[in-house]
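Novice: quick check, what structure comes out for this input:
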Amino acid sequence: MGERCGWAGSEPIYVEYHDTEWGVPEWDSRALWEKLILDGFQAGLSWITILKKRDAFREAFQGFDPNVIASWGEAEVQRLLGNPGIIRHRGKIEATIGNARAWQRIEQREGFDRFVWNYVGGRPVQNRRNSLAEVPGQTEISVQLSKDLKKEGFKFCGPTIVYAFMQACGLVNDHLVGCPCHGGVAKLQDPPETAV
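Specialist: Below is the predicted model:
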């Protein structure tokens, strides 16, 4: 049994996230959207900061239901700006509301899950990296997905944010080959019958 990916550190909340969530393919449209939003909130911060506040975020954002958030306006923005449990950044909060509307358009047209997974051909890309130094900050695919999300009206979705999202949601398996999670995640290649 090798060592887990070095970025996971030793803090229990981070280790558990690495071992049970990160890189596991996510096929649910709403859950994909939530992760993209949280990665947008991470911009300029560390992921562990977001992870520690994730429950507060979920409560403040009504379970990250884009159909609820899409109808929000200035009153909700003000409420969220007063919530110490989340990252109080007006631009990111307003972007979340706009991103909920963009999600609705894509979801109605083709399904947000299908839209996202099409960039990797509907199956996770199985990378075989030996060290964190080999893991890129962005890829051609993340650059293209970022551009296309922006065309759809999304904000806070640059290529680096999008690649972090792709890694977290298992569109790419970026667990290092020596990590005990690499093989287990690699076996989760096939979407459930109901997905994509």
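
Novice: name the single longest helix found in this structure.
Specialist: helix 90-109 (DSSP state H).

Novice: starting at the chain centroid, how far to that helix?
Specialist: A distance of 14 Å separates the centroid of the chain from that of helix 90-109, by CA atoms, centre = their mean, to the nearest Å.

Novice: quick one: contacts of the next helix or strand after that helix?
Specialist: With elements assigned by DSSP states H and E, the helix or strand that comes after helix 90-109 is helix 112-117. With contacts defined as CB atoms under 8 Å, 6 or more residues apart in numbering, helix 112-117 is touched by 27-29, 32-33, 103, 106, 145, 169, 171, 191, 195-196. Every C-beta, even on glycine, is put in place using the N, C-alpha and C of the backbone.

Novice: ok, now with 6 Å
Specialist: Trp27, Ser29, Leu32, Trp33, Trp103, Ile106, Val196 (CB atoms under 6 Å, 6 or more residues apart in numbering).

Novice: mind exporting the C-alpha coordinates of the longest helix of the chain to CSV?
Specialist: Taking Å, rounded to 0.1, in the frame of the first residue of the first chain, the C-alpha atoms of helix 90-109 are listed here in CSV:
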residue,chain,number,x,y,z
ARG,A,90,-20.1,39.8,-3.4
GLY,A,91,-18.7,38.9,-6.9
LYS,A,92,-18.7,35.1,-6.1
ILE,A,93,-22.1,35.2,-4.5
GLU,A,94,-23.6,37.1,-7.5
ALA,A,95,-21.8,34.7,-9.9
THR,A,96,-23.4,31.8,-8.1
ILE,A,97,-26.9,33.2,-8.9
GLY,A,98,-25.9,33.8,-12.5
ASN,A,99,-24.3,30.3,-12.7
ALA,A,100,-27.6,28.8,-11.4
ARG,A,101,-29.4,30.4,-14.3
ALA,A,102,-26.7,29.2,-16.8
TRP,A,103,-27.0,25.7,-15.3
GLN,A,104,-30.8,25.8,-15.8
ARG,A,105,-30.4,26.6,-19.5
ILE,A,106,-27.8,23.8,-20.1
GLU,A,107,-29.8,21.4,-17.9
GLN,A,108,-33.0,22.0,-20.0
ARG,A,109,-31.2,21.8,-23.3
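
Novice: and Thr20, how many neighbours?
Specialist: 10 (other CB atoms under 10 Å).
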